[in-house]
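Student: sequence and predicted structure, then a few things I'm wondering about:
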Amino acid sequence: MDSAELLKEWEWLVRTELTAKLEAIDRHLEECSKKLSPFPIAGAEIRPVLLSSQHQGDNVLCTVTVDGDRISRAELNVRAPGKGGRSLRTTIKEQSPWKLKQVQDSVNHFQRVRDLYASLKSCGHSSQSCLRGCLEGLLGALLQTEAALTLPPNTTAQHIFNNNQKSVLKPELPEDVALYFHISSSLLVLTVLAVTARGGVREMKDIESNSWMGALFEHGSVIYEVTGQLRVSASVPWLAAVLALLRQSLELTQDLLDKVKVFDGVSSV
């Protein structure tokens, strides 16, 4: 294909494909911005989700409201895992929410997505290299926004027990029980750990994973071992909608990038 034909193909791509796909991406990002926010969405109806462990009897029964980057309200009824576990009740109130760092991180990456999209629109009819760079930047930021929600953070039992967010629980849990919330794609996951004090332990082995059974760690100058763990999860509808919008935007951006790459090295564009 000679340079004149390549130029004609490029002009068609910019005039039709680029315009149509940018408009679709813009719609998806605008809808996503209405749901992915660091603050409660004014006027939005956020329904609580139910966390329960049907396969474990009544060990956990909780209603939790995930509003923006926080758990704004929760009623938690938990039987501590392990032998002879006690029944515990605690709450989270709107004035002292439990913050979800993964959602906060996703919001921060999404702000970069919006900035990069604005740059992409401004360079849409300029050179191929400019357009490719903008698309690669947008694709990377979209992937980071998605990954913040889909990749559970690595943490340790010690971190869970030292987490200063446990103070938002009213009443606070006993010293030998802790709970931990995290996001896994569209799921809100609650983990409850129970520990037993151990004496004469010289070598500690805390575990950075999603299963902490048997982990040893120091808390308040005492060595503890994780002797009980249970986990429950439930789907959060607005998180599922956010991930669907992000993936649609990713597919459109990747498709555009692939088509722009075809013109690598073509001097006339």
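Tutor: On my side now, so go ahead. Residues are numbered from 1 along each chain as shown.

Student: show me what contacts D26?
Tutor: Y117 (Cβ atoms under 8 Å, 6 or more residues apart in numbering). Using the backbone N, CA and C atoms, a C-beta is placed for each residue, glycine as well.

Student: can you tell me the helix or strand for it?
Tutor: Taking DSSP states H and E as the definition, D26 sits inside helix 19-33.

Student: can I get the CA coordinates of that helix in CSV?
Tutor: Only the C-alpha atoms of helix 19-33 are listed here, as CSV (Å, rounded to 0.1, in the frame of the first residue of the first chain):
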residue,chain,number,x,y,z
THR,A,19,-14.6,9.6,16.9
ALA,A,20,-17.2,6.8,17.5
LYS,A,21,-15.0,4.9,20.0
LEU,A,22,-14.0,8.1,22.0
GLU,A,23,-17.7,9.0,22.3
ALA,A,24,-18.4,5.5,23.6
ILE,A,25,-15.5,5.6,26.1
ASP,A,26,-16.7,9.0,27.2
ARG,A,27,-20.2,7.6,28.0
HIS,A,28,-18.7,4.7,30.0
LEU,A,29,-16.4,7.0,32.0
GLU,A,30,-19.1,9.5,32.7
GLU,A,31,-21.4,6.7,34.0
CYS,A,32,-18.5,5.2,36.0
SER,A,33,-17.8,8.6,37.6
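
Student: mean confidence for it?
Tutor: Taken as a whole, helix 19-33 has a mean pLDDT of 94.

Student: the very next helix or strand once past that helix packs against which elements?
Tutor: The helix or strand immediately downstream of helix 19-33 is strand 49-52, counting by DSSP H and E. Strand 49-52 sits against strand 60-67, strand 187-198, strand 222-235, with contacts defined as 3 or more Cβ pairs under 8 Å, 6 or more residues apart in numbering; DSSP states H and E.

Student: the following helix or strand past the longest one - contacts with which helices or strands?
Tutor: Sequence-wise, the next helix or strand downstream of strand 222-235 (DSSP H and E) is helix 237-261. Under the contact criterion of 3+ Cβ pairs under 8 Å, 6+ apart, the helices and strands touching helix 237-261 comprise helix 19-33, helix 128-150.

Student: re earlier: what's the angle from the helix holding D26 to helix 237-261?
Tutor: 160 degrees (axes from the mean of the first three to the mean of the last three Cα atoms, to 10 degrees).

Student: just the buried residues of helix 19-33, please?
Tutor: Within helix 19-33, the residues that count as buried by 16 or more other Cβ atoms under 10 Å are 21-22, 25, 28-29, 31-33.

Student: pretty sure N77 contacts R86?
Tutor: No. Assessed by Cβ atoms under 8 Å, N77 is found out of contact with R86, at 11.7 Å.

Student: of the two, which one has the most company?
Tutor: Each of N77 and R86 has its neighbours counted (other Cβ atoms under 10 Å); N77 has more, 15 against 12.

Student: nearest to G199, of the buried residues of helix 19-33?
Tutor: Among the buried residues of helix 19-33, C32 lies closest to G199 (Cβ to Cβ), at 52.3 Å.

Student: show me the shaky parts of the stretch 151-269 of the chain.
Tutor: 200-210, 267-269 (pLDDT under 70).

Student: enumerate the beta-bridge partners assigned to the nearest residue to V195 once chain neighbours are set aside.
Tutor: Spatial nearest neighbour of V195, excluding adjacent residues (Cβ to Cβ, 6 or more residues apart in numbering): Y224 at 4.0 Å. When bridges are called by DSSP bridges, Y224 pairs up with A197, F217.

Student: mind listing what Y224 touches?
Tutor: By Cβ under 8 Å, 6+ apart, the neighbours of Y224 are 157, 161, 176, 195-198, 216-218.

Student: right, I'll call it a day here.
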